[in-house]
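Enquirer: build me a model from this:
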Amino acid sequence: MAELYLIDGGFSSQLSKHVGEDNVTEKDNPLWCSAFLHSNRQAVIDTHRDYVRAGCDIVTTNTYQASVEGFVQHLGLSEDQSVQLIRDAVKYVKEAIALEEKRDPAIASRHVRVAGSLGSYGAFLHDGSEYRGDYIDSTTPQELIDYHRPRIEALIQGGIDLLAIETLPAQEEAMVLAELIKEYPGLKAWISFSCKDEKHTCHGDKFGLIARDVYAKNPAQLVAVGVNCLAPHYVESLLTSAGRDVPLLCCPNSGETFDPGQRIWMNKDSVPSVDTYVPRWLDTGVKYVGGCCRTNADDMKKFRKIIDERILTRLKQ
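Expert: Residues are numbered from 1 along each chain as shown. From the prediction side, this is the model:
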């Protein structure tokens, strides 16, 4: 029986419950939530604790938009301090897990793992590029390597269990990263893409084709290839297109619509609850399930129940 793993949901949406929603908007902060690694360590830890308590098997670091360049430019840190802050992000997840294990010893039996979040190069540009992918046509493979390598090494030094390579809009960046992680043979990782419809990545690649190509590039280290930060009603078709030979992952948004002009989420009351999609995703053979923007710990509790019921059903078969 294939294992099923619950990943945490959106960091910003859960963080907002500790610091207020107005304080986590991306509109005026190019570091987005990663700025809280420096300004509010306790809120970061508390957010991770919420997801551990919700039953997540894997909790991701608050480093999606973290980078050495970004911390130097926007926080005034040195390069060494910036690297240390990324390492600290791993420590904060581990501290959250330890605190929850102390509160409830049964959590220790789950062996909650830490995934280092590695956002695309487009996220660093802070212009929505991770949802278009146009930067890939003017960015060389070496530039991508030079940007990602220090982040990967800092997360490894921090002690992650695996690497969550997230919101890639284009095949080219995924192939560069699938090759780059071969320099760290003990590292396991997943790669997930941002997608604009039920067939294509945001850059226009056919997901089913590139999922197989990317996985074939490094099957020894890639635990899954999948999709994240997209509308949940696209997920089933995308995963199905990849076939059953690729271990799959999905972490979609809540289903609300983002207005890039006003930079607000809309239609919250008119979309189905995101957990209603989970059984269909599991039917595709997905191994890793979680959430992204506008999902929170309450959603992951619902995911947990559905996953546990599916596991129990399989055990009885």
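Enquirer: isn't Leu6 up against Ile306?
Expert: No. The pair Leu6 / Ile306 is not scored as a contact, 9.5 Å apart, by Cβ atoms under 8 Å. Every residue, glycine included, has its C-beta placed from N, CA and C.
Enquirer: compare neighbour counts for those two and give me the winner.
Expert: Neighbours per residue (other Cβ atoms under 10 Å) separate Leu6 from Ile306, with Leu6 holding more: 26 against 19.
Enquirer: distance between the longest helix seen in the chain and the chain's centre?
Expert: As assigned by DSSP state H, the longest helix anywhere in the chain is helix 79-103. Centre-to-centre, helix 79-103 and its host chain are 17 Å apart (Cα atoms, centre = their mean, to the nearest Å).
Enquirer: can you check stretch 239-259 too?
Expert: On the basis of Cα atoms, centre = their mean, stretch 239-259 is displaced by 12 Å from the centre of the chain it belongs to.
Enquirer: mind listing what's buried in that stretch?
Expert: Buried residues in stretch 239-259, counted by 16 or more other Cβ atoms under 10 Å: 239-242, 246-256, 258.
Enquirer: sort out for me which of those are in helices.
Expert: Cross-referencing the buried residues of stretch 239-259 against helices under DSSP H gives 239-242.
Enquirer: tell me the one of these nearest Gly291?
Expert: Leu239 (15.4 Å; Cβ to Cβ).
Enquirer: out of everything not next to it in sequence, what's closest to the closest one?
Expert: Thr284 (4.2 Å; Cβ to Cβ, 6 or more residues apart in numbering).
Enquirer: on that earlier part again, list the helices and strands the longest helix of the chain packs on?
Expert: When contacts are defined as 3 or more Cβ pairs under 8 Å, 6 or more residues apart in numbering; DSSP states H and E, helix 79-103 packs onto helix 36-39, helix 41-53, strand 58-60, helix 68-75, strand 113-119, helix 141-158.
Enquirer: against Tyr92, how distant is the residue nearest to Gly116 when sequence neighbours are not counted?
Expert: Among residues not flanking Gly116 along the chain, Leu155 sits closest, at 3.4 Å (Cβ to Cβ, 6+ apart). Using Cβ to Cβ, to the nearest Å, one gets 12 Å for the distance from Leu155 to Tyr92.
Enquirer: and for Gln157?
Expert: Gln157 is 15 Å from Tyr92, where distance means Cβ to Cβ.
Enquirer: between these two, which has more neighbouring residues?
Expert: Each of Gln157 and Tyr92 has its neighbours counted (other Cβ under 10 Å); Tyr92 has more, 25 against 13.
Enquirer: list the contacts for the more buried one?
Expert: By Cβ atoms under 8 Å, 6 or more residues apart in numbering, Tyr92 lies in contact with 37, 41, 44-45, 48, 61-62.
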